[in-house]
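Chemist: take a look and give me a structure for this.
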Amino acid sequence: MTSAPVSPDLTLTRLTDWRPRLVAYLAGVTARPFAYGTHDCALFAAGAVEAMTGHDLAAHYRGLYGSLKEGLKLLGRERLTDHVALLRYLFEEIPAAFATVGDIAVIGEVGTPALGIFEGEQIIVLRETGLGLMPRAAATLAFRVP
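Modeler: Just a heads-up that it's a prediction; the model follows:
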């Protein structure tokens, strides 16, 4: 058991208007550049979760790190190895083939994996200069956003 700042007892549920809220969130960050601690892949995914559920699961982390190394160190203080470990703590892991719109995608198995948001046959990902797309098949894991 980890000591993550978000209780696993928190009941997350998608709001009735989650789709337009997710669309609005994505439109708002379309051209926002990548920046550790303020708009990286983990915070991008957390922003999508907040848009869909109304809960900011990353409030405890925003602005507290400026590099990957610092972010991993912050998670390490809570006995989490990385952002995927935090997802495992908070969400149900599912096969990527069963992911639906709005679920979280994990991309890459070597090194530090990136996160994205499933959108049909694509995954919306954060690139250096804003949002991009990857094929659904790029996901190695998925997490259900309830």
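
Chemist: how many neighbours does residue 66 have?
Modeler: Residue 66 has 12 neighbouring residues, counting by other CB atoms under 10 Å. Where C-beta positions appear, they are placed from N, C-alpha and C, glycine not excepted.

Chemist: actually residue 86, sorry about that
Modeler: Neighbours around residue 86, by other CB under 10 Å: 22.

Chemist: what does the one 3 residues further on give?
Modeler: Using other CB under 10 Å, residue 89 has 16 other residues around it.

Chemist: you'd agree it is up against residue 81?
Modeler: No: look at residue 89 against residue 81 with CB atoms under 8 Å: they stay out of range, at 10.8 Å.

Chemist: how about the nearest residue to the residue nearest to the spatial centre of the chain, chain neighbours excluded?
Modeler: Geometric centre of the chain, nearest residue: residue 45, 2.6 Å, by CA atoms, centre = their mean. Closest residue to residue 45 apart from its sequence neighbours, by CB to CB, 6 or more residues apart in numbering: residue 115 at 4.2 Å.

Chemist: which helix or which strand is home to the one you found?
Modeler: Here residue 115, judged by DSSP states H and E, is contained in strand 114-119.

Chemist: and what of residue 140?
Modeler: Take DSSP H and E as the rule and residue 140 turns out to sit in strand 139-144.

Chemist: residues near residue 26, how many?
Modeler: 17.

Chemist: correct me, but it touches residue 124?
Modeler: Yes: counting by CB under 8 Å, residue 124 is a contact partner of residue 26 at 6.5 Å.

Chemist: which neighbours do those two have in common?
Modeler: Any residue near both residue 26 and residue 124 by CB atoms under 8 Å, 6 or more residues apart in numbering counts here, and that gives 117, 131.

Chemist: residue 105: which element?
Modeler: strand 104-107.

Chemist: quick check: buried residues in that strand?
Modeler: 104, 105, 106, 107 (16 or more other CB atoms under 10 Å).
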